[in-house]
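*Asks:* Below are the sequence and a predicted model for it; my questions follow.
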Amino acid sequence: MGRDFPVEVSENLGARFFVVEHRFYGKSQPFTNLSDSNLRTLNSEQALEDLATFITFARKTLQISN
């Protein structure tokens with residue numbers, strides 16, 4: 001079982017595989033610094049809202065159903 005196991009499983013099942021990055025990690029950081037005022041949206045509620053926004057976007061643009 002290697003690093004690409006989830007990708008292999010999704011390909012075998014004909015499924016789509018998404019990797020969603022949290023806005024404060026990796027290349028998707030919205031700010032140039034991590035000041036207190038910029039960290040206000042680093043919370044679980046915002047992370048869930050971001051995920052819900054992605055799901056809505058994916059369903060609409062990729063025509064994904066439940």
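*Replies:* All right, it came through fine.

*Asks:* what sits up against the longest helix along the chain?
*Replies:* Longest helix in the chain by number of residues (criterion: DSSP state H): helix 44-62. Helix 44-62 is contacted from outside by 16, 18, 20, 22, 23, 64, 65, using C-beta atoms under 8 Å, 6 or more residues apart in numbering. C-beta: built from backbone N, CA, C; applies to glycine.

*Asks:* do that again at 10 Å, thanks
*Replies:* The contact list for helix 44-62, computed with C-beta atoms under 10 Å, 6 or more residues apart in numbering, reads 16, 18, 20-24, 28, 40-41, 43, 64-66.

*Asks:* Tell me the buried residues in that helix?
*Replies:* For helix 44-62, the neighbour count (16 or more other C-beta atoms under 10 Å) marks residue 50 as buried.

*Asks:* how far does it sit from the chain's center?
*Replies:* Centroid separation between helix 44-62 and its chain, computed with C-alpha atoms, centre = their mean, to the nearest Å, is 8 Å.

*Asks:* The residue positioned nearest the centre of the chain: what secondary structure?
*Replies:* Nearest to the geometric centre of the chain sits residue 20, at 1.9 Å (C-alpha atoms, centre = their mean). The three-state label given to residue 20 by DSSP: H, G, I helix; E, B strand; the rest coil is coil.
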